[in-house]
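J.: I'd like to go over a predicted model; first the sequence, then the structure.
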Amino acid sequence: MSSLSASEVSTSGDSRRPSGTATGANAPAQPADPQQPDAPAAPSAPDAPADQTAPAGEEAAPKPKAKKPAGKKPAAKKPAATVEPRIERKYQVDTSVPPAVSVQDVSITYRTTFEKVPTLKSAIVRFGRGERAVREVEAIQNMSFDVPVGTALGILGANGAGKSTLMRALAGVLPPTSGRIEVRGKISSLLSLGVGFNSALTGRENVVLGGLAQGLTREQVAERADEIADFAEIGEFMDMPMRTYSSGMSQRLAFAVSVHMEPDILLIDEALSAGDAKFKNKAAAKMDELMSSARAMFLVSHSLGSIRQLCNDAIWIHKGKLMMRGTPEECGAAYTKFLEVGETAFTLEDF
Ligand SMILES: Nc1ncnc2c1ncn2[C@@H]1O[C@H](COP(=O)(O)OP(=O)(O)OP(=O)(O)O)[C@@H](O)[C@H]1O
């Protein structure tokens, strides 16, 4: 299945622009994305049975050694489960139906005006008046890809690559400057929920707000509030103002709300970065469970392990461009190699 179509789409842009979404400057036409391999929905790598990792011979009966002092018998070592267990995935890619999400030649340009710091000379010439300058950042450049139903898509990329911008566009928080995003289903996103959170309100009050923002009725939200509180495991903080929360507590609550909204499409942007190991495992299991009913999931993470564990498909983006589409393992390997040898430091001129 070929899920990328950037080369087929005209970059001239305006005709594709969704109504009411034009902001900032038009992104200039870009050459086709450098690499766009087809992205077959990769089957997950087979689980590695834990006992394969046990060192050979450790399980065998200990040989009697003449020189060993009698008495204490060394305890037989248990085979260590050193390989991170993969969760059995319940989801299946279905390409017989229209994709859950279709990103069509999308460009997003931020336009920022700022006051140039005057040099001594220019300050004298202008009598102290500052000079206004405009900076445009093409955070996403002519990006196209489809996300079939049943896909858990990992999004990899260095700082400033455009991951959050893409997620904000998918969530509908940030309209594309040009191009089009089609979403088939109800999106639940920590981003949109995060926007709805009010730090002066308690967690419980924010749960109600988040639920309402997702289109649930007050009664429906009230029904789920206890379930959400139980999942977040933040105890009495549930009834404290959210400004008193640690970032991990806020993330736990945001995650709990979003996964309890029965989303068709779940967007998770580094949601678990502040979570502790126990919560991360619980969240991973929940995401996997959700995928049995959801249509698609997007996961942005700097942790290749999380992406490998949870996703069956991946993209790698860099400086706003789609570099690669492939299995989490393929994209992870290419991205890791790039980090080792590539130029990841960024300057304003890069954009
Ligand atoms: N509100 C904004 N105004 C202007 N430029 C922005 C804005 N938000 C992001 N950018 C710029 O857009 C580019 C992409 O940023 P984005 O936050 O999407 O990257 P990212 O891949 O999520 O990075 P990170 O991994 O560091 O979170 C960066 O160059 C950033 O400076």
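T.: Cool, got the structure. Residues are numbered from 1 along each chain as shown.
J.: Which SSE is immediately downstream of the lowest-mean-pLDDT helix or strand in the chain?
T.: Ranking every helix and strand in the chain by mean pLDDT, DSSP states H and E puts helix 190-196 at the bottom, with a mean of 55. The first helix or strand that comes after helix 190-196 along the chain, using DSSP states H and E, is helix 203-213.
J.: what does the stretch 1-150 of the chain put close to the ligand?
T.: Selection of the stretch 1-150 of the chain residues close to the ligand by C-beta under 6 Å from any ligand atom yields Y110, T112, V137, A139. (C-beta placed from N, C-alpha, C; glycine too.)
J.: For these, work out which two are farthest apart.
T.: Farthest pair in these (C-beta to C-beta) is T112 and A139. Separation: 11.3 Å.
J.: Of these two, which one has the most company?
T.: When T112 and A139 are compared for neighbours, A139 comes out ahead with 25 against 10, by other C-beta atoms under 10 Å.
J.: I'd guessed that one sits against T109; true?
T.: Yes: contact criterion C-beta atoms under 8 Å: A139 and T109 qualify, at 7.0 Å.
J.: I'd like the residues of the stretch 1-150 of the chain next to the ligand as a markdown table, with distance to Q220, secondary structure and pLDDT appended.
T.: Conversion of those to a markdown table gives the following (distance: C-beta to C-beta, whole Å; DSSP: H, G, I helix; E, B strand; the rest coil; pLDDT from 0 to 100):
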| residue | distance to Q220 | secondary structure | pLDDT |
| --- | --- | --- | --- |
| Y110 | 36 | strand | 95 |
| T112 | 40 | strand | 86 |
| V137 | 40 | strand | 92 |
| A139 | 36 | strand | 96 |
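J.: how long is stretch 139-153 from one end to the other?
T.: Start to finish, the residues bounding stretch 139-153 are 20 Å apart (C-alpha to C-alpha, to the nearest Å).
J.: Leaving out sequence neighbours, find the closest residue to R224.
T.: Nearest in space to R224, with sequence neighbours left out and distances taken as C-beta to C-beta, 6 or more residues apart in numbering, is H260 at 5.2 Å.
J.: For that neighbour, give its distance to the ligand.
T.: Distance, H260 to the ligand, using C-beta to the nearest ligand atom, to the nearest Å: 25 Å.
J.: okay, and for the stretch 151-300 of the chain, where does confidence drop off?
T.: Where the stretch 151-300 of the chain drops to pLDDT under 70, the residues are 189-196, 271-275.
J.: Tell me if I'm right that V183 and L170 touch.
T.: Yes: assessed by C-beta under 8 Å, V183 is found in contact with L170 at 7.0 Å.
J.: Next, show the common contact partners of the two.
T.: With contacts taken as C-beta atoms under 8 Å, 6 or more residues apart in numbering, the residues that reach both V183 and L170 are V101.
J.: Neighbour count for those two, which is higher?
T.: Set V183 next to L170 and count neighbours by other C-beta under 10 Å: L170 wins out with 24 against 19.
J.: List the contacts of F237.
T.: Shown in contact with F237 (C-beta under 8 Å, 6+ apart): G203, T244, Y245, M249.
J.: Now do stretch 252-268: distance from first to last residue.
T.: First residue to last in stretch 252-268 (C-alpha to C-alpha) measures 12 Å.
J.: Apart from its chain neighbours, what residue comes closest to S199?
T.: Once flanking residues are discounted, S199 sits nearest to R243: 4.1 Å by C-beta to C-beta, 6+ apart.
J.: no, scratch that, I was asking about L266
T.: Nearest one to L266, counting by C-beta to C-beta, 6+ apart, is M297 at 4.5 Å.
J.: elements contacting whichever strand or helix holds that neighbour?
T.: For M297, the host element (DSSP H and E) is strand 296-300. Counting contacts by 3 or more C-beta pairs under 8 Å, 6 or more residues apart in numbering; DSSP states H and E, strand 296-300 is packed against strand 151-156, helix 163-171, strand 265-269, helix 277-290, helix 304-310.
J.: mind putting these in TSV, distance to D94 included?
T.: Output for the helices and strands packed on strand 296-300, formatted as TSV (distance: least, C-beta to C-beta, whole Å):
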stretch	distance to D94
strand 151-156	9
helix 163-171	20
strand 265-269	14
helix 277-290	16
helix 304-310	19
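J.: Could you verify my assumption that the residue nearest to S199 touches N198?
T.: No: here R243 does not reach N198: they are 9.4 Å apart, not a contact under C-beta under 8 Å.
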